[in-house]
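Peer 1: below is the structure, and that's it, no one-letter string:
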């Protein structure tokens, strides 16, 4: 259980839903002490939660929220899901990247999959202790879920007091990539933060060019609602943000594997399939592979 | 006087030519101790050389060899030349990059300019002490020198026992850029050496792609003798070289200004003028500007 699964799962449990948590390193602590969430929406403590060390011990569930790093999507996730999915389960992938849903669908044909795009600042400070700092809204993009089931899922989030909304799946994924692809990798490649990249005129232009590569790719793949106006907006939003280390920079600093595949290789490959090149992001991908070592 | 001017000037002086050296930091030492060159071609010592601290004190000369870092070409070089050029002087620019000759010609119309492409490993170990490690051949590209004068210049180098040859000016400049543009910047951007870049499959492909951008630019500018075969050759040559830190990496490590303008900005701009994009090298240029700070 990380900062994402812990937060959304915790809020759903607090709202009275039956939630089962999978937790590796925190298992023993959480079993004894439960889950604590500090939040501007109000702190709360769930003294007893259903927690498991292995998904084999978990019951089959209707909704499975995945907050895993995508570096585990290809090797670990399919096996982890096997004991807990039934034929009508919905899996919500609260993860970043492009192609996640296609890959999971290929392994589980017919599985109900929803893309979860979380806008949240949340960290796990200590075992079983999550600090929700700011925001928390979640956009849900329906990939392969029957309408009625999707509506129930959305209502679950709303009932938990969360801002939740339905968004068009593919557009939402690419929209998030417009910010994610430039800033995640560039803060690693140049060992810096978002504000410094924007203060230097050369890297400011580069970040903008990279955003336009993402928008060009999205357009080539049929997402025609993204234009340069959105890049302008993302630049301005980032100018107004506090200096920020994207998740890939944090992974790199802590010597954890970086999400190169779903954040870079896959979107670049998807664009290439329809004849669209992303040379600057492809170069960034290569630099990240080198730095990952 | 650096490792380039010291080596070629020293060899010409040893061969009996009248050579005048400009030397800033080494002036006092060289005035008293002369110039020492250790070389696989034979060590030698010139106990008394003509050395100056300021070009204003130097005589007007027929041939001026420039081994300056190109970061000084726009601000310093024109004034430095003013006291020593006469109307028939030939200036040999033993420097890396694209556009050097055009820029100097714009300031000194009618000046006889020759591009010098040195293939040499040479370092200055101590004041007045140059260690020539390997190679030493020089290709001369005639930019704006009358034929007879160019022939004399070439003969001067040959008389000094150096391997010297005439090469087509523009082709030679771009040919050298095929290796220089990828490796100089990438060793800085990823804080590494040539061998590690080639060992990692992702950066190996990136280096090759960047070489092909240089070849594409050269082709677009009318240099039609460069093909992918030359990139293949450069890859193989670098595979066989000892791990190497290009000059820009050394400048970066010693916190000296990097030659970003003539190695990157200028060739990229020249290519753009004829409609050819170099996206991966443009990205590298931006990263270098950021790292230069």
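Peer 2: That came through, no problem. Bear in mind the structure is a predicted one, so any value in this text is a computation, not a measurement.

Peer 1: show me chain A divided up by domain.
Peer 2: Under automatic domain parsing, the residue ranges defining each domain of chain A are A:3-167, A:171-292.

Peer 1: turn the ones you listed into a markdown table, including mean pLDDT and mean neighbour count.
Peer 2: No exception for glycine: its C-beta is placed from N, CA and C like everyone else's. Listed next are the domains of chain A as a markdown table, based on pLDDT from 0 to 100; neighbours: other C-beta atoms under 10 Å in any protein chain shown:
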| stretch | mean pLDDT | mean neighbour count |
| --- | --- | --- |
| domain A:3-167 | 96 | 17 |
| domain A:171-292 | 97 | 19 |
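
Peer 1: contact residues of the stretch 51-200 of chain A facing chain B?
Peer 2: A:189, A:190, A:192, A:196, A:197, A:200 (C-beta under 8 Å from any C-beta of the partner chain).

Peer 1: how close does the second one sit to residue B:104?
Peer 2: Put plainly, it is residue A:190. For residue A:190, the distance to residue B:104 (C-beta to C-beta, to the nearest Å) stands at 33 Å.

Peer 1: and the residues of the stretch 51-200 of chain A next to chain B, which is closest to residue B:233?
Peer 2: Nearest to residue B:233 among these: residue A:189, at 29.0 Å, using C-beta to C-beta.

Peer 1: not counting sequence-adjacent ones, nearest residue to the closest residue to chain B within the stretch 1-150 of chain A?
Peer 2: In the stretch 1-150 of chain A, no residue comes nearer to chain B than residue A:71, which is 16.2 Å away by C-beta to the nearest C-beta. Once flanking residues are discounted, residue A:71 sits nearest to residue A:257: 4.5 Å by C-beta to C-beta, 6 or more residues apart in numbering or on different chains.

Peer 1: how about the contacts made by the residue nearest the centre of chain A?
Peer 2: Geometric centre of chain A, nearest residue: residue A:95, 2.3 Å, by C-alpha atoms, centre = their mean. For residue A:95, the contact set (C-beta atoms under 8 Å, 6 or more residues apart in numbering or on different chains) comprises A:66, A:67, A:68, A:69, A:70, A:73, A:116, A:262.

Peer 1: show me where the stretch 101-250 of chain A has its strands.
Peer 2: For the stretch 101-250 of chain A, the strands defined by DSSP state E, counting those that start in this stretch cover A:112-126, A:129-142, A:164-167.

Peer 1: any idea of the angle the second one forms with strand A:112-126?
Peer 2: Calculated by axes from the mean of the first three to the mean of the last three C-alpha atoms, to 10 degrees, strand A:129-142 forms an angle of 170 degrees with strand A:112-126.

Peer 1: partner strands of strand A:129-142 and their direction?
Peer 2: Taking DSSP bridges as the criterion, strand A:129-142 forms sheet pairs with strand A:35-38 (parallel), strand A:112-126 (antiparallel), strand A:164-167 (parallel).

Peer 1: tell me the residue of the stretch 51-200 of chain A that sits nearest chain B?
Peer 2: Taking C-beta to the nearest C-beta, the stretch 51-200 of chain A has residue A:200 as its residue nearest chain B, at 5.0 Å.

Peer 1: quick check: phi and psi at that residue.
Peer 2: Dihedral angles of residue A:200 (phi, psi; degrees, to the nearest 10) stand at phi -80, psi 120.

Peer 1: and the residue nearest to it when sequence neighbours are not counted, what element?
Peer 2: Nearest residue to residue A:200, sequence neighbours excluded (C-beta to C-beta, 6+ apart): residue B:290, at 5.0 Å. Assigned by DSSP states H and E, residue B:290 belongs to helix B:279-292.

Peer 1: by contact count, what packs against that helix?
Peer 2: The contact analysis (3 or more C-beta pairs under 8 Å, 6 or more residues apart in numbering or on different chains; DSSP states H and E) places helix B:279-292 against helix A:201-220, helix A:279-292, helix B:169-189, helix B:201-220, helix B:260, helix B:266-273.

Peer 1: who's in contact with stretch A:209-222?
Peer 2: For stretch A:209-222, the external contacting residues (C-beta under 8 Å, 6+ apart) are A:170-171, A:174-175, A:177-179, A:181-182, A:186, A:226-228, A:230-231, A:234-235, A:267-268, A:270-271, A:274-276, A:278-281, A:284, B:279, B:283.

Peer 1: re the thing from before, need the strands of the stretch 101-250 of chain A in CSV (columns: distance to residue B:145).
Peer 2: As requested, those are exported to CSV (distance: least, C-beta to C-beta, whole Å):
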stretch, distance to residue B:145
strand A:112-126, 64
strand A:129-142, 67
strand A:164-167, 67
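
Peer 1: nearest to residue B:12 among the ones you listed would be which one?
Peer 2: strand A:112-126 (66.0 Å).

Peer 1: next one: the closest one to chain centre, how far?
Peer 2: For strand A:112-126, the separation from the chain centroid amounts to 6 Å (computed by C-alpha atoms, centre = their mean, to the nearest Å).

Peer 1: same question, stretch A:218-230
Peer 2: Its chain's C-alpha centre and that of stretch A:218-230 lie 21 Å apart, by C-alpha atoms, centre = their mean.

Peer 1: before we move on, which element is the residue nearest to residue A:71 in?
Peer 2: Assigned by DSSP H and E, residue A:257 falls within no helix or strand.

Peer 1: now it: how far from chain B?
Peer 2: Using C-beta to the nearest C-beta, to the nearest Å, residue A:257 is found at 15 Å from chain B.

Peer 1: who's in contact with the residue of the stretch 1-150 of chain A closest to chain B?
Peer 2: By C-beta under 8 Å, 6+ apart, the contact list for residue A:71 reads A:257, A:258, A:259, A:261.

Peer 1: hmm, the third one is touching residue A:70, no?
Peer 2: Read that as residue A:259. Yes. Residue A:259 is within contact range of residue A:70, at 4.8 Å (criterion: C-beta atoms under 8 Å).

Peer 1: what is in contact with those two at once?
Peer 2: Common neighbours of residue A:259 and residue A:70, counting by C-beta under 8 Å, 6+ apart, are A:96, A:97.

Peer 1: check the offset of stretch A:170-182 from the chain's centre.
Peer 2: Distance of stretch A:170-182 from the chain centroid (C-alpha atoms, centre = their mean) equals 11 Å.

Peer 1: need the three-state assignment for residue A:30.
Peer 2: Under DSSP: H, G, I helix; E, B strand; the rest coil, the three-state class of residue A:30 is helix.

Peer 1: pop out the phi and psi values for the nearest residue to it once chain neighbours are set aside.
Peer 2: Nearest non-adjacent residue to residue A:30, counting by C-beta to C-beta, 6+ apart: residue A:128, 4.3 Å away. With angles defined as degrees, to the nearest 10, residue A:128 sits at phi 60, psi 20.

Peer 1: show me what contacts residue A:128?
Peer 2: Counting by C-beta under 8 Å, 6+ apart, residue A:128 makes contact with A:26, A:29, A:30, A:33, A:34, A:35, A:36.

Peer 1: again, only using 10 Å
Peer 2: Counting by C-beta atoms under 10 Å, 6 or more residues apart in numbering or on different chains, residue A:128 makes contact with A:1, A:6, A:21, A:23, A:26-37, A:45-46, A:49, A:51.

Peer 1: now do the closest residue to residue A:187 other than its chain neighbours against chain B, distance only.
Peer 2: What sits nearest to residue A:187 in space, not counting adjacent residues and going by C-beta to C-beta, 6+ apart, is residue A:249, at 4.2 Å. For residue A:249, the distance to chain B equals 15 Å [C-beta to the nearest C-beta].

Peer 1: surely residue A:249 touches residue A:191?
Peer 2: Yes. Look at residue A:249 against residue A:191 with C-beta atoms under 10 Å: they come within range, at 8.4 Å.

Peer 1: and the end-to-end length of stretch A:50-65?
Peer 2: Distance across stretch A:50-65, first residue to last, is 15 Å (C-alpha to C-alpha, to the nearest Å).

Peer 1: kindly report the same for stretch A:18-31.
Peer 2: Start to finish, the residues bounding stretch A:18-31 are 16 Å apart (C-alpha to C-alpha).
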